[in-house]
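> sequence plus predicted model, see below.
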Amino acid sequence: MRNKIIAVNAVIVLIVGLLAFAIVRTQLAVTTSSPDQLKKSAQRDAVGAAAKLQLDALRTERWLAAQAADPAAKAALSKATPDARSAGARQVADQIASNARSALGTKPTIVAIVDSAGKIVARDASDLNRGDDVAGAYPAFKTAIAKATAGSDVWVDTKRGDQLIVSYVPFRDDSNRVNMVVLGVGINDALARVSEAATGRGVFLVNANGEIIATAQGATEDAKKAIPAAAGDVKTALSTGNVTPGGGGDVIHAAAPLDGFGDGKSTAIIAAAPAALLEGASAIPLSILGAMALGLVLVVAGGWTLGNYISRPIALLEEGLLAILNGQSDKRFELDHAELGGLAFRIDQLLNQLMGVEEDNTDEEGRVSKAPTAANFGEALAVDRTGGGGGGAAAAPSNVDAIRLAAEPPDQYYARLYREYIAAKKALGEQVDHITDAAFKSRIQGMEQDAMGKHGRPVRYHVQTNGKEVVLLAVPLG
């Protein structure tokens, strides 16, 4: 019983749990791994990263323009001798670098003053790089000097050790000579700021050939390995000026051109899409398996408890019936059980009726709990005469006249005793339809013969009620 309950419920839990796992997993895979949705996510990240870089560059350009308009800066660059001009330029660069930390929220890697020939006059915090020809290294910057225009660019040069995103603005000294103030921030620092809002697996700065210039912190290895294959998408994005999605398989990405940086055709931002649109979605089906496992544990515990609750009383009934079959006729079941207690009681009643054993079948108010039948009338009388000591002689009540009983004609005596007996039974609320006059008389005569044989003198019976049952008292005659 116990094992069957556990097995049936366990199979149900397994079927429901596995079905729910399969449905949820399939739906999540379709919803969170849709290529179209992942491409849109990568496009949003690429556009967002590119826009953030462009916005930061524009803010830097405007701020530098305000710094270059300072009369003190112009005066510092108007010195007569080269050394004096260099010292003044160093002073201006140091001041701009110091102000940038609070104004731009970042620490510049370099702040330099470049003359109209494209050579560094001075830089902040150091005398290094003085005289370096940056215009020769970066054609877009050379063009900006020639046209005296502001701009931003990505400076990458392994020989010079440059890994910078720079912004520059022109300004003229008191002698009307064109100079450029350049502020550069490390590429990795700049990408770290723009990649914070990205939801995918990495943001990359690449050149026109799709080669990685810099990688934002947090980019995954599988995304890094997939970037070289995006060279065609990068070229398309740079040539059209539009965001271009691409990739496939495990990594989907999008390339966005960095307009406003250099000539606008040299660098791009690539953003890799997330593995799934819903973070942690892969763990949701596993939680269903966990719930299913918990359900199986509860099924085993509940099945074990329920099985014991049912199987133990059944085992007691089986053992008791086996004992009765083996000759233990007085075996009865006293089973206190909500479901099987009633069955055990009915079995006891059946056994008492079959074996002619006396039983107490009255309720708390003394009323009979079952209707006797004609077949068990003898048992009913056996109960009724318990007050008479099993049919033997007993002391007659004071209101009983033994002489009167002896003088009463037999037919009249049996008819009166029957009427009184029936009336007493009805008074107790018992059914008497099954007790006939003839059966009653025959039974009483049998009881009288037994009593006379036992005590050696005749007896007659008197009906008496003790509150719960009708008792036939044996009254000795003579």
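Nice, thanks for sending it over. Note that the structure is predicted; figures quoted are calculated from it, not measured. Numbering: from 1, shown residues only.
> nearest the geometric middle of this structure, what residue?
Ser287 (5.9 Å; Cα atoms, centre = their mean).
> for my notes, confirm that one occurs in a helix.
Yes. Ser287 sits within a helix when classified using DSSP: H, G, I helix; E, B strand; the rest coil.
> distance of it from Gly88?
As defined by Cβ to Cβ, to the nearest Å, Ser287 lies at a distance of 68 Å from Gly88. C-betas here are computed from N, CA, C, even on glycine.
> helix, strand or coil for Phe171?
Using three-state DSSP, the secondary structure recorded for Phe171 is strand.
> lowest-pLDDT helix or strand in this structure?
Among the helical and strand segments of the chain, the one scoring lowest on mean pLDDT, DSSP states H and E is helix 377-384, with a mean of 51.
> and Ile113, what helix or strand is that in?
Taking DSSP states H and E as the definition, Ile113 sits inside strand 110-114.
> that strand: partners in the sheet, and parallel or antiparallel?
Take DSSP bridges as the rule and strand 110-114 pairs in its sheet with strand 120-123 (antiparallel), strand 178-186 (antiparallel).
> export the ones you listed as JSON lines, with columns for mean pLDDT, mean neighbour count and distance to Ile435.
Conversion of the strands paired with strand 110-114 to JSON lines gives the following (pLDDT from 0 to 100; neighbours: other Cβ atoms under 10 Å; distance: least, Cβ to Cβ, whole Å):
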{"stretch": "strand 120-123", "mean pLDDT": "91", "mean neighbour count": "24", "distance to Ile435": "128"}
{"stretch": "strand 178-186", "mean pLDDT": "91", "mean neighbour count": "23", "distance to Ile435": "114"}
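> reformat those strands as TSV; add distance to Arg419.
Converted to TSV, the strands paired with strand 110-114 look like this (distance: least, Cβ to Cβ, whole Å):
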stretch	distance to Arg419
strand 120-123	136
strand 178-186	122
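> how much space separates Gly295 from Phe345?
For Gly295, the distance to Phe345 (Cβ to Cβ) stands at 37 Å.
> now do Ser78
Counting by Cβ to Cβ, the gap from Ser78 to Phe345 is 119 Å.
> also Gln37?
With the distance defined as Cβ to Cβ, Gln37 ends up 69 Å from Phe345.
> please apply the same query to Gly210.
Taken as Cβ to Cβ, the spacing of Gly210 relative to Phe345 amounts to 89 Å.
> who's more crowded, those two?
When neighbours are counted by other Cβ atoms under 10 Å, Gly210 and Phe345 differ, and Gly210 comes out ahead with 20 against 16.
> A helix includes the more buried one, no?
No. Secondary structure assignment (three-state DSSP) places Gly210 in coil, not in a helix.
> any idea of the pLDDT on it?
Gly210 is assigned a pLDDT of 88 by the prediction.
> so what's it closest to, chain neighbours aside?
When the adjacent residues along the chain are set aside, Gly210 lies closest to Ala231, with 3.0 Å between them (Cβ to Cβ, 6 or more residues apart in numbering).
> count of neighbours near that neighbour?
The number of residues near Ala231, taken as other Cβ under 10 Å, comes to 17.
> show me what the strand or helix carrying it is packed up against.
Assigned by DSSP H and E, Ala231 belongs to helix 231-240. Under the contact criterion of 3 or more Cβ pairs under 8 Å, 6 or more residues apart in numbering; DSSP states H and E, helix 231-240 touches strand 244-248, strand 251-257, strand 267-272.
> for that helix, buried residues please.
The neighbour-count check on helix 231-240 (16 or more other Cβ atoms under 10 Å) flags Ala231, Asp233, Val234, Lys235, Thr236, Ala237, Leu238 as buried.
> how about the second one, what does it touch?
Taking Cβ atoms under 8 Å, 6 or more residues apart in numbering as the definition of contact, the neighbours of Asp233 are Gly210, Thr244, Pro245, Gly246, Gly247, His253, Ala254, Ala255, Ile270.
> can we see that at 6 Å?
Asp233 sits next to Thr244, Gly246, Ala255 when contact means Cβ atoms under 6 Å, 6 or more residues apart in numbering.
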